[in-house]
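1. please find the sequence and the predicted model below.
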Amino acid sequence: MGVAAPSAAVADSTDAATTQAYLQTNYTLMRYFIAHIPAAKAEIANVLAGVRRECPLAASGSPENVDSEQLSNEVVGTMVTNVVQHNLPATLSAIRATASLHWSNGALTKSIHAYLAKAKSLTTLAMPDLCGDVKAWAASGFKTLPASTASFDPHFLSWWVAPGDQPTALRHYESAQDATLAHRTTKLEEKWTQFEANEVEVWGEIMNALVLQP
């Protein structure tokens with residue numbers, strides 16, 4: 001027991017410092033994204049404008065089936081990847097700052113590393129050619145999805161994560177100051193969630209412009 005106690009104390013001290021570093025980086029990232037919501041809204045609006053300009057009614061007469069569902073997912077993916085690609089520096093900086101962090105709680109480390117891996121993978125996902133893919137589907141008589149859609153969707157759905165992640169296990173290592181920062185970050189995450197919910201209306205407008213069934 002006399003040997004174990006100092007080791008536990010060192011682990012607790014390291015976990016506290018690691019938690020503080022993670023929470024500070026996460027808070028900085030969320031502040032960045034919230035400040036850039038107007039720009040994100042503009043980027044998504046540009047997706048709608050592009051569809052209306054380049055491929056209006058492209059899916060007119062199309063069925064509502066598994067293929068249309070995958071193209072509906074591609075619409076979401078186009079919106080998300082536009083935002084991600086326009087915010088790469090801040091996202092990659094946060095990933096680099098936290099990727100090497102470890103806690104004595106292996107499950108917590110695994111959870112955060114899994115989140116960071118998804119976020120990093122999402123930054124590598126190229127924006128799809130939505131108009132080109134819908135036109136290709138239409139050209140096949142709505143019978144065959146383009147390979148680009150079939151490839152994009154599984155990756156996007158597997159990697160799609162919102163900025164910010166605060167597993168509940170972090171609370172065990174938080175100081176009072178850390179807890180205050182985590183609470184402030186949660187409020188920012190809620191604002192981002194509300195922004196995403198509001199953009200569902202734009203998704204609907206894009207779907208309507210394409211005449212694509214969900």
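-> Yep, that arrived.
2. now the helix-or-strand element of the chain with minimal mean pLDDT: buried residues?
-> Within the chain, no helix or strand scores below helix 4-35, which has a mean of 83 by mean pLDDT, DSSP states H and E. By 16 or more other C-beta atoms under 10 Å, the buried positions in helix 4-35 come out as 15-16, 18-20, 22-23, 25-27, 29-30, 32-34. (Glycine included, C-beta is placed from N, CA and C.)
3. for the helix or strand following it, which outside residues touch it?
-> Sequence order places helix 37-54 as the next helix or strand after helix 4-35, per DSSP states H and E. Helix 37-54 has contacts (C-beta atoms under 8 Å, 6 or more residues apart in numbering) with 33, 58, 78-79, 82-83, 86-87, 130-131, 191-192, 195, 199, 202, 205-206, 209-210.
4. select only the buried ones of those in ChimeraX?
-> Buried residues among these (16+ other C-beta under 10 Å), as a ChimeraX selection:
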select :33,58,78,79,82,83,87,130,131,192,195,199,202,206,209,210
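5. return the subset of the contacts of helix 37-54 lying in strands.
-> Here DSSP state E is the test, and these give no hits in strands at all.
6. follow-up on the earlier one: show me what the least confident helix or strand of the chain is packed up against.
-> helix 88-98, helix 176-198 (3 or more C-beta pairs under 8 Å, 6 or more residues apart in numbering; DSSP states H and E).
7. so how far is it off the chain centroid?
-> 22 Å (C-alpha atoms, centre = their mean, to the nearest Å).
8. same deal with stretch 133-147?
-> That offset, for stretch 133-147, works out to 27 Å (C-alpha atoms, centre = their mean).
9. and what of stretch 35-45?
-> 15 Å.
10. buried residues in it, which are they?
-> 36-37, 40, 43-44.
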